[in-house]
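In: next one to model:
(one chain, ligands or ions: 2)
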Amino acid sequence: MTATPTDRFAFDLHATDGMARTGVIHTPRGDIRTPAFMPVGTAATVKAMLPESVAATGADILLGNTYHLMLRPTAERIAHLGGLHRFMNWSGPILTDSGGFQVMSLADLRKLTEAGVSFKSHIDGSKHMLSPERSMEIQKLLGSDIVMCFDECPALPADRDRIATSMQLSMRWAQRSRDAFGDRPGHALFGIQQGGLEQDFRAESAQALTDIGFDGYAVGGLAVGEGQEAMFGCLDHATGVLPVDKPRYLMGVGKPDDIVGAVKRGIDMMDCVLPSRSGRTGQAFTRRGVVNLKNARHADDPRPLDEGCTCPACSNYSRAYLHHVFRAQEMILGMLLTWHNLHYYQTLMQGMRDAIAAGRFVAWEADFHAVRAQGDI
Ligand SMILES: Nc1nc(=O)c2cc3nc(NCCN4CCCCC4)[nH]c3cc2[nH]1
Ligand SMILES: [Zn+2]
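Out: Ligands and ions are numbered 1, 2, ... in the order given. Below is the predicted model of the structure:
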């Protein structure tokens, strides 16, 4: 993470290769090299990692969640304690999701109206509401550098009428989010494109968001079970209708090959719980594919998890050790594999940034897939 002192939010595009792009997003809290992967710090922590360890993996920016933090410890308490950066000891940029998606996937007794969503906490059953205005207020209290519009993400599959109705509601909420966000130099507000897998609705949503005007544009409504082929099919048209000079953020993605395919289709930023969540369950992502340390075949294997990796897990421990601490359910397993997975994801991003800058993304992508096809991991 490098920091060119600035009081503004700006996106500098350095190079393109096909639809793929590489550049830097400048924020007052530091630069974000794109394409960027954002580790997820839902409850003000990237699980099993110290913030300095997350920084050591190469992450420039973290993701936080309005939904979780408004319920516990509350946005007001975090604001009173100096804001989310101080609270969680992360001095770099933080992007916060706006809460709508998490309400629909986690909360109980949800009631959605034009005004917003009322719901009961999945933690203690207490009653809450979120609206564009309340979501903007919470994200401001947290001190988020990149704020997401409050939107509705329809579950797929859904019929065209449902998708259109939902997208149009989200566009009205985008305008209300923009109005409530106000003018906050150095802080960014991103719009979220909706429209399911429908090309006409995606274009209509992109136009509506562009007419309102945002500092960046997310592709929402994906990674909700549609599968990689449908997601890529959607990205083949959905990113191209978004402004070329602003960052494009694909929400909730994904597996390494999802990420490569998204960058190939013009995405600049992504986030996903997969590298951290899988790490805690013994799954390690490597250049040759996924290694499951639960498997007894590792019990006597003195080799590192991934010979080519320089992370602490691969530098100092054997597969046999990782298998042992998995079996023993020791905390160090989650620590080491989360660190490795986040390191691997950041290495992947750096490889793509270098390849795009050198105009050799096609060759890099071919090598990425070839190595993974070899198996024997
Ligand atoms: N505000 C907002 N709007 C969205 O349309 C959205 C769409 C999303 N789609 C996902 N997918 C997450 C998939 N993830 C994969 C690994 C296991 C847990 C779920 N996260 C999302 C977050 C989102 N946030
Ligand atoms: Zn490693």
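
In: contacting residues around L250?
Out: Going by CB atoms under 8 Å, 6 or more residues apart in numbering, L250 touches 218-219, 222-223, 235, 262, 267, 269-270. Just so you know, the C-beta spots here come from the backbone N, C-alpha and C atoms, and that holds for glycine as well.

In: those in strands, which ones?
Out: By the criterion of DSSP state E, membership of the contacts of L250 in strands covers 218-219, 269-270.

In: and D124, which helix or strand is it part of?
Out: Assigned by DSSP states H and E, D124 belongs to neither a helix nor a strand.

In: got a pLDDT number for the nearest residue to S53 once chain neighbours are set aside?
Out: For S53, ignoring the flanking residues on the chain, the nearest one in space by CB to CB, 6 or more residues apart in numbering is W339 at 5.9 Å. The model reports W339 with a pLDDT of 98.

In: could you do P5 as well?
Out: 72.

In: surely A107 meets M70?
Out: No: A107 lies out of contact with M70 (CB atoms under 8 Å); the separation is 10.9 Å.

In: near ligand 2, which residues of this structure show up?
Out: Counting by CB under 5 Å from the ion, the residues of the chain close to ligand 2 are 309, 311, 313-314, 340.

In: most widely separated two among those?
Out: Using CB to CB, the residues of the chain next to ligand 2 reach their maximum pairwise distance at C309 and A313, which is 7.7 Å.

In: how far does the longest helix seen in the chain sit from its chain's centre?
Out: In the chain, assigned by DSSP state H, the helix with the most residues is helix 331-357. From the chain centre to the centre of helix 331-357 is a distance of 14 Å (CA atoms, centre = their mean, to the nearest Å).

In: how about that helix, does it reach ligand 1?
Out: No: using CB under 6 Å from any ligand atom, helix 331-357 stays clear of ligand 1, with a minimum separation of 12.5 Å.

In: pull out the buried positions in the one helix or strand S118 maps to.
Out: Taking DSSP H and E as the criterion, S118 maps to strand 117-120. For strand 117-120, a neighbour-count test (16 or more other CB atoms under 10 Å) marks 117-119 as buried.

In: which residue packs closest to T34, ignoring adjacent ones?
Out: D268 (4.2 Å).

In: how many neighbours does that neighbour have?
Out: By the measure other CB atoms under 10 Å, the count of residues near D268 is 25.

In: so it sits against A36, correct?
Out: Yes: counting by CB under 8 Å, A36 is a contact partner of D268 at 6.8 Å.

In: which residues do these two both contact?
Out: Common neighbours of D268 and A36 (CB under 8 Å, 6+ apart) are I25.

In: give me phi/psi at the closest residue to ligand 2 within the stretch 51-200 of the chain?
Out: Nearest residue of the stretch 51-200 of the chain to ligand 2: T57, at 9.8 Å (CB to the ion). Taking degrees, to the nearest 10, you get phi -70, psi -10 for the backbone angles of T57.

In: state the distance from it to Y344.
Out: As judged by CB to CB, to the nearest Å, T57 and Y344 stand 9 Å apart.

In: cool, G213 as well?
Out: Going from G213 to Y344 by CB to CB gives 37 Å.

In: cool, and D159?
Out: Per CB to CB, D159 is found 39 Å from Y344.

In: the two - which one has more neighbours?
Out: Neighbour comparison, D159 and Y344: the larger count goes to Y344, with 24 against 10 (by other CB under 10 Å).

In: which bits of this protein sit near ligand 1?
Out: Residues of the chain lying close to ligand 1 by CB under 6 Å from any ligand atom are 97-98, 100-101, 148, 151, 153, 192, 220-224, 251-252, 272-274.

In: mind pulling up the pLDDT for the residue lying farthest from the centre of the chain?
Out: Relative to the mean C-alpha coordinate of the chain, counting by CA atoms, centre = their mean, the farthest residue is D300 (36.2 Å). At D300, the pLDDT value in this model is 98.

In: wait, it touches H324, no?
Out: No: using CB under 8 Å, D300 is not in contact with H324, being 10.4 Å away.

In: in three-state terms, label R110 for me.
Out: The local conformation at R110, judged by DSSP: H, G, I helix; E, B strand; the rest coil, is strand.

In: wait, it sits on V103?
Out: Yes: using CB under 8 Å, R110 is in contact with V103, at 6.0 Å.

In: neighbour count winner among these two?
Out: Taking neighbours as other CB under 10 Å, R110 and V103 compare with V103 leading, 25 against 13.

In: for the more buried one, grab phi and psi.
Out: The phi/psi pair for V103 (degrees, to the nearest 10) is phi -60, psi -50.

In: check E137 too.
Out: Phi and psi for E137, reported as degrees, to the nearest 10, are phi -60, psi -40.

In: what distance do you get for it to D31?
Out: From E137 to D31 the distance is 28 Å (CB to CB).

In: now K140
Out: In this view, K140 and D31 are 23 Å apart by CB to CB.

In: what of H187?
Out: Counting by CB to CB, the gap from H187 to D31 is 16 Å.

In: for A115, list the residues it contacts.
Out: A115 touches S131, counting by CB under 8 Å, 6+ apart.

In: show me what contacts G221?
Out: G221 sits next to 153-154, 156, 193-196 when contact means CB under 8 Å, 6+ apart.

In: please read the previous query as pertaining to S177.
Out: With the criterion set at CB under 8 Å, 6+ apart, S177 makes contact with 98, 132, 135-136, 149-150, 189.
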